[in-house]
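>>> What shape does this take:
(chains A and B)
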Amino acid sequence: MSRQNSVMIMLGLWLMLAVVPASAAPQRLVADLSQNNVEITSSYHGTELLLFGAFEGSDGDDVVLLVSGPQIRLAQRRSDKVAGIWVNVETNIWENAPSFYHVFSTRPLAEIATPDTLRAARIGARSLPLEFTRQGGAQNGHEQSAKATTANAATIASADMIGGLIRNMQDMGLWAEKTAAVTLQRNMLFRATLDLPKNVPPGNYEVRVVHFRDGDVLSEEMTGMKIKKAGLSALIYNFAHDYSAFYGLFAIVFAVCSGWLAAVAFRRK
Amino acid sequence: MYIYLPIAEVSMHIGIIIGLGGGVGFLSGLFGVGGGFLMTPLLIFFGIPPAVAVSTEANQIVASSVSGVLAHMRRGNVDFKMGGILMLGGVIGSSLGVVLFSFLRSIGQIDLVIKLSYVVFLGIIGALMLAESLRTIMRSRKPGGTRGKLHQHNWLHGLPFKMRFRRSKLYISAILPLAIGAFVGVLAAIMGVGGGFIMVPAMIYLLGMPTSVVVGTSLFQIIFVTANVTLLQSIQTQTVDFVLAGLLLFGAVIGAQFGSRASSVLRGEQLRGLLALLVLAVCVKIGYDLVVRPEDLLSVELLK
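Sure thing, here's the model as predicted:
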């Protein structure tokens, strides 16, 4: 259903572009999503959105789409063998990390622009302005704090940790870099399919579109979407968080009643 | 059909949840145990965050213990006085356990402590049960076994604050059941279990209670310990998912019916032997996971 809607929107955009002369303004870029509000209801099991828009392109241009979720703190842990068993021996905190970060591009990012350009344009997991805090191992207890970004963290955080962070987030389906995932049509329309995983973090999402020509940013555009719990699951979540003591009592009463009901049903049989 | 669990924040197939409840319910009906020691590791295995698994399982055990204790109450097999003392210890212990759980979680060691507790306690209890049931099976083949005393007296019975427990036919210090209750309470809060598998042997071998009242009294105090964990975890960590608990319970009620019917086919010592093997299997699986090198030495947790 949403797919059909977006096809209609695409068609509309196409017609608009065909009518409006392309030379009017310098490098226009329009972007939208098939759905700006995603509701996580009780039946939610991941969903698919269409990211699309129009740009004034020429042959060889690239389009990069970035979808980032609300910022959170991440605890990265390293395990090592202690007395024969595998134990977390080190915890590092990454701050200002996007809980969700999917990057779509027409080609591999390294082919589109130089690492410096990508960093300046904040494109790719290695260009994120994360803050890194080394908490030290469980052995030495005290906290050694230091700040770094994934871009220049090499001095404090090893390349291994940055690689591990990206790998772990990708394994959870929360971060992704999808090359050849943006489809261009006649250098006028672009589109990509965004797969929201079943563990998608709710919150306000930012969607950026960046238009590249010859390795430089030509223009960029931003839009947003909201992912929120809705219906019964939102009700229960809010109840649990806003009235946690009542929720706990409710859960107990619920359990006692169902246990008693089960016992009565048992006896009748 | 998938259902999005509002607190666990993952979607799971409804058939898997009810199936898990049914499977564990069957075994708990068969062996007469709560099944928390099976359910919590299974929930974690199926992608439920450990903190949610532990708290939600506590909520579910409240329900299964209520339905279990009613039958024992009808037969008069609950020592309320003893249960009350154990419960008092259990509430203190489980409160400490919840605090300890939060602390261990904050330093990133909760998974390790959960797994180690499982390996140690399931290992000990499983081995003891297996040995006991093998002894019984051997003895039953040789006729003319002698029956020992009701219970042995040791230094534990010399402690002060002696109380009379009529239903259990005991005159012992209240410190002992209080301490046992507290110890099992800590474990219940950390492991996401009712603790019956530790409580029952402790009541028989340490307190010397008659076996007829042991299960009912244990279930009686488990209700309060797990209710306490449910309440405290709801307030502190908001990790009780009653949608998940309700679905598990639904499966467990049905499974337990079939389980208790199946139990009449087997003899007591055979059942205990099988249960011991099951307990040891869980212990070995979790122990193996601790020893084997993880696929990825680095891991990430979302803190919010």
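>>> What strand or helix carries residue A:64?
In this structure, residue A:64 sits in strand A:62-68 according to DSSP states H and E.
>>> what's next to stretch A:204-224, contact-wise?
If you take Cβ atoms under 8 Å, 6 or more residues apart in numbering or on different chains as the criterion, stretch A:204-224 is touched by A:26-33, A:36, A:51, A:53, A:55, A:57-58, A:60-70, A:100, A:112-114, A:117, A:121, A:123, A:190, A:225-227. Just so you know, the C-beta spots here come from the backbone N, C-alpha and C atoms, and that holds for glycine as well.
>>> pLDDT weak spots in the chain?
Using chain A. Along chain A, the model assigns pLDDT under 70 to residues A:1-27, A:135-158, A:268-269.
>>> was after chain B, sorry
Where chain B drops to pLDDT under 70, the residues are B:142-157.
>>> Sketch out the helices for it, chain order is fine.
B:14-31, B:36-45, B:50-74, B:80-106, B:110-141, B:175-191, B:196-201, B:211-236, B:242-263, B:268-291 (DSSP state H).
>>> cool, and chain A?
For chain A, helices defined by DSSP H occupy the ranges A:2-19, A:109-112, A:115-120, A:159-171, A:231-242, A:244-268.
>>> still on that earlier bit, note down every partner strand of the strand holding residue A:64 and its orientation.
Partner strands and pairing direction for strand A:62-68 (DSSP bridges) are strand A:101-105 (antiparallel), strand A:203-213 (antiparallel).
>>> Buried residues of it, list them for me.
Residues of strand A:62-68 classed as buried by neighbour count (16 or more other Cβ atoms under 10 Å in any protein chain shown): A:62-68.
>>> what's the closest non-adjacent residue to residue B:232?
Excluding its sequence neighbours, the residue lying closest to residue B:232 (Cβ to Cβ, 6 or more residues apart in numbering or on different chains) is residue B:98, at 4.3 Å.
>>> List the contacts of the residue nearest in space to the middle of chain A.
Residue closest to the mean C-alpha point of chain A, counted by Cα atoms, centre = their mean, is residue A:100 at 2.1 Å. By Cβ under 8 Å, 6+ apart, residue A:100 lies in contact with A:67-70, A:174-175, A:200-201, A:205.
>>> Same question for residue B:92.
Residue B:92 neighbours (Cβ under 8 Å, 6+ apart): B:181-182, B:185.
>>> let's see it at 6 Å
Counting by Cβ atoms under 6 Å, 6 or more residues apart in numbering or on different chains, residue B:92 touches residue B:182.
>>> what's the spacing between it and residue B:184?
Using Cβ to Cβ, to the nearest Å, residue B:92 is found at 11 Å from residue B:184.
>>> Then residue A:252?
Note on residue A:252: its distance to residue B:184, by Cβ to Cβ, is 19 Å.
>>> more neighbours, the two?
More neighbours surround residue B:184 than the other of residue A:252 and residue B:184, with 29 against 24 (other Cβ atoms under 10 Å in any protein chain shown).
>>> Look up the closest residue to the more buried one, ignoring the ones flanking it.
Using Cβ to Cβ, 6+ apart and skipping the chain neighbours, the partner closest in space to residue B:184 is residue B:195 (4.1 Å).
>>> Pull up the residues of the stretch 201-304 of chain B that are close to chain A.
B:227, B:230-231, B:234-235, B:238, B:240, B:242, B:249, B:253, B:290-291, B:294, B:297-304 (Cβ under 6 Å from any Cβ of the partner chain).
>>> Got a quick PyMOL command for the buried subset of those residues?
Only the buried members of these enter the following PyMOL selection, criterion being 16+ other Cβ under 10 Å:
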select buried, chain B and resi 227+230+231+234+235+238+240+242+249+253+290+297+298+299+300+302
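>>> hmm, back to that, check the burial of the residue nearest to residue B:184 by counting its neighbours.
Using other Cβ under 10 Å, residue B:195 has 31 neighbouring residues.
>>> gap between it and residue A:267?
Residue B:195 is 26 Å from residue A:267, by Cβ to Cβ.
>>> next one: residue B:241
Where residue A:267 is concerned, residue B:241 sits at a distance of 29 Å (Cβ to Cβ).
>>> Next: residue A:164.
In this view, residue A:164 and residue A:267 are 56 Å apart by Cβ to Cβ.
>>> Name the residue in these two with the higher neighbour count.
Counted by other Cβ under 10 Å, residue A:164 and residue A:267 do not tie: residue A:164 has more neighbours, with 21 against 10.
>>> what number of residues lie near the closest residue to chain A within the stretch 1-150 of chain B?
Here the stretch 1-150 of chain B gets closest to chain A at one residue, residue B:66, 3.1 Å apart by Cβ to the nearest Cβ. Neighbour count for residue B:66, taken as other Cβ under 10 Å: 24.
>>> Skipping adjacent residues, who's closest to it in space?
Using Cβ to Cβ, 6+ apart, the closest residue to residue B:66 is residue A:259 (3.1 Å).
>>> what does residue B:202 give?
Nearest one to residue B:202, counting by Cβ to Cβ, 6+ apart, is residue B:180 at 5.0 Å.
>>> tally of neighbours for the one you found?
When neighbours are counted by other Cβ under 10 Å, residue B:180 registers 22.
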